[in-house]
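Asker: my questions are about this predicted structure, shown below with the sequence.
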Amino acid sequence: MPVVIARLIPAPGKTQEVLDVYRELAPLVHQEPGCRLFALHTDGKDVFIVEHWLTPEDFQAHLASSNLQRIRDATKPLLTAPSEIWPVESVSLGDPGKGVIP
């Protein structure tokens, strides 16, 4: 079950515009097969996305989706660099309901 963390670095003053793109298009991603989590976070400057997909095939389909292409097209002029993407594996610890993305 793939977990992906991405970091987007908006150009100065463009963070809100990046968030607005995701607010508009994230509901479409949420409807994609296998999407268990697609959540945005920000520190006020950069934007971080935490994704959880049911299978590697679902994640690969997301990468090829028109939804992601629309997001890329809309955010590319707002970013200072390509997105940093880290596929990671959950490490279970402590309370299984709180210590791991299932």
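Answerer: Arrived safely.
Asker: need the three-state assignment for Phe59.
Answerer: Three-state assignment for Phe59 (DSSP: H, G, I helix; E, B strand; the rest coil): helix.
Asker: that one: what's it in contact with?
Answerer: 2, 4, 34, 51, 53, 87 (C-beta atoms under 8 Å, 6 or more residues apart in numbering). C-beta: built from backbone N, CA, C; applies to glycine.
Asker: repeat that with 10 Å
Answerer: 1-4, 32, 34-35, 51-53, 87 (C-beta atoms under 10 Å, 6 or more residues apart in numbering).
Asker: what about the residue nearest to Ala74 when sequence neighbours are not counted, distance to Pro77?
Answerer: Closest residue to Ala74 apart from its sequence neighbours, by C-beta to C-beta, 6 or more residues apart in numbering: Val21 at 4.5 Å. Noted for Val21: a distance of 11 Å to Pro77, by C-beta to C-beta, to the nearest Å.
Asker: report the two of the contacts of Phe59 separated the most.
Answerer: Across those, the longest distance by C-beta to C-beta is 16.9 Å; it joins Glu32 and Pro87.
Asker: now do the strands in the chain.
Answerer: Here the chain has its strands, by DSSP state E, at 3-8, 35-42, 47-53, 84-88.
Asker: deepest of those strands, which one?
Answerer: strand 47-53 (a mean of 19; mean count of other C-beta atoms under 10 Å).
Asker: still on that earlier bit, give me the more crowded residue out of Val21 and Pro77.
Answerer: Taking neighbours as other C-beta atoms under 10 Å, Val21 and Pro77 compare with Val21 leading, 18 against 9.
Asker: hang on, the earlier thing: which pLDDT value goes with the residue nearest to Ala74?
Answerer: At Val21, the model reports a pLDDT of 98.
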